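A.B. asks: Coordinates only, no sequence provided:
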């Protein structure tokens, strides 16, 4: 099996890939869109994408991808994120003039960047692993995991994340599922009618079936100004008749209901 992820090697996405599918061949791609497209086109059998961070919320570009994606999520893994400021050995924190990293990691360390090295230029690149490859001068640094450390580099010992309780949920996405297993969570995207009380009606259906909502994120619809898509994760076994009944009622109520996955 080939599984695509946001590379290069050493990225947090690869760490999640190793946990979700340790026996697979892991194929790096330059961005999330390319990793997703590889599975859609059949270049890979699946892909692993981050979907939510505990500090910053949903990974918006991936939520948008999954709204129309033919892939379904069949597994999930929550990875603890431990950011480090990595720079050349012999340099000091006061020497840092440029910091490279993925924009998600930059956002998760915004307080440290503003308060400790406010004069450093912060440069977003495709991934944390790409960031470490940008270190060429004593004044260069990157934000990434300790797995990126290599000869000639060191890491700042202090905490740099806005909150040490930093976790990212990753989804394992593949082209369809022939036989579903028992699941703990179900992830859907719903589009309700644009009228007063429509969202309350959907929530009432969920409450009536005793559904426990574990994720709720709204995204504006690009093709409909003022319209929103609602991403909902609920606890439940997809093989349960009660859950199927609830999803069918939600589908009848919504203008559109798409299952992103069950895991």
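C.D. replies: Cool, got the structure. Note that the structure is predicted; figures quoted are calculated from it, not measured.
A.B. asks: Surely residue 10 and residue 133 touch.
C.D. replies: No. The criterion here is Cβ atoms under 8 Å, and residue 10 misses it with residue 133 at 9.5 Å. Bear in mind the C-beta positions are built from the backbone N, C-alpha and C, glycine included.
A.B. asks: Pull out the buried residues from the strand or helix carrying residue 170.
C.D. replies: Assigned by DSSP states H and E, residue 170 belongs to strand 167-174. Going by neighbour count (16 or more other Cβ atoms under 10 Å), the buried part of strand 167-174 is 168-174.
A.B. asks: what does stretch 193-207 give?
C.D. replies: For stretch 193-207, burial by neighbour count (16+ other Cβ under 10 Å) applies to 198, 202-203, 205-206.
A.B. asks: ok, so of those residues, who is nearest residue 243?
C.D. replies: Of all the buried residues of stretch 193-207, residue 243 sits closest to residue 206, with 11.1 Å by Cβ to Cβ.
A.B. asks: coming back round to it: the buried residues of strand 167-174 into TSV, with extra columns for pLDDT and distance to residue 251?
C.D. replies: TSV is the format used below for those (pLDDT from 0 to 100; distance: Cβ to Cβ, whole Å):
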residue	pLDDT	distance to residue 251
168	94	30
169	97	24
170	98	27
171	98	21
172	98	24
173	98	21
174	96	22
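A.B. asks: Would you mind putting those into CSV with distance to residue 156 alongside?
C.D. replies: Below are those laid out as CSV (distance: Cβ to Cβ, whole Å):
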residue, distance to residue 156
168, 21
169, 27
170, 26
171, 31
172, 33
173, 35
174, 39
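A.B. asks: where does this structure have low pLDDT?
C.D. replies: Filtered on pLDDT under 70, the chain yields the residue ranges 222-226.
A.B. asks: how's it carved up into domains?
C.D. replies: 2-81+167-174, 84-155, 185-262 (automatic domain parsing).
A.B. asks: which secondary structure element contains residue 141?
C.D. replies: Counting by DSSP H and E, residue 141 is part of strand 140-144.
A.B. asks: so residue 147 touches residue 15, yeah?
C.D. replies: Yes. Counting by Cβ under 8 Å, residue 147 does reach residue 15; the two are 6.8 Å apart.
A.B. asks: Mind checking which of those two has more residues around it?
C.D. replies: residue 15 (20 against 17; other Cβ atoms under 10 Å).
A.B. asks: what helix or strand is residue 211 on?
C.D. replies: Using DSSP H and E, no helix or strand contains residue 211.
A.B. asks: Skipping adjacent residues, who's closest to it in space?
C.D. replies: Counting by Cβ to Cβ, 6 or more residues apart in numbering, the nearest residue to residue 211 once its immediate chain neighbours are dropped is residue 234, at 4.7 Å.
A.B. asks: For that neighbour, which three-state class applies?
C.D. replies: strand (DSSP: H, G, I helix; E, B strand; the rest coil).
A.B. asks: Please name the bridge partners of it.
C.D. replies: Using DSSP bridges, the bridge partners assigned to residue 234 are residue 186, residue 213.
A.B. asks: From residue 219, how far off is it?
C.D. replies: 18 Å (Cβ to Cβ, to the nearest Å).
A.B. asks: and what of residue 211?
C.D. replies: 21 Å.
A.B. asks: cool, residue 85 as well?
C.D. replies: 32 Å.
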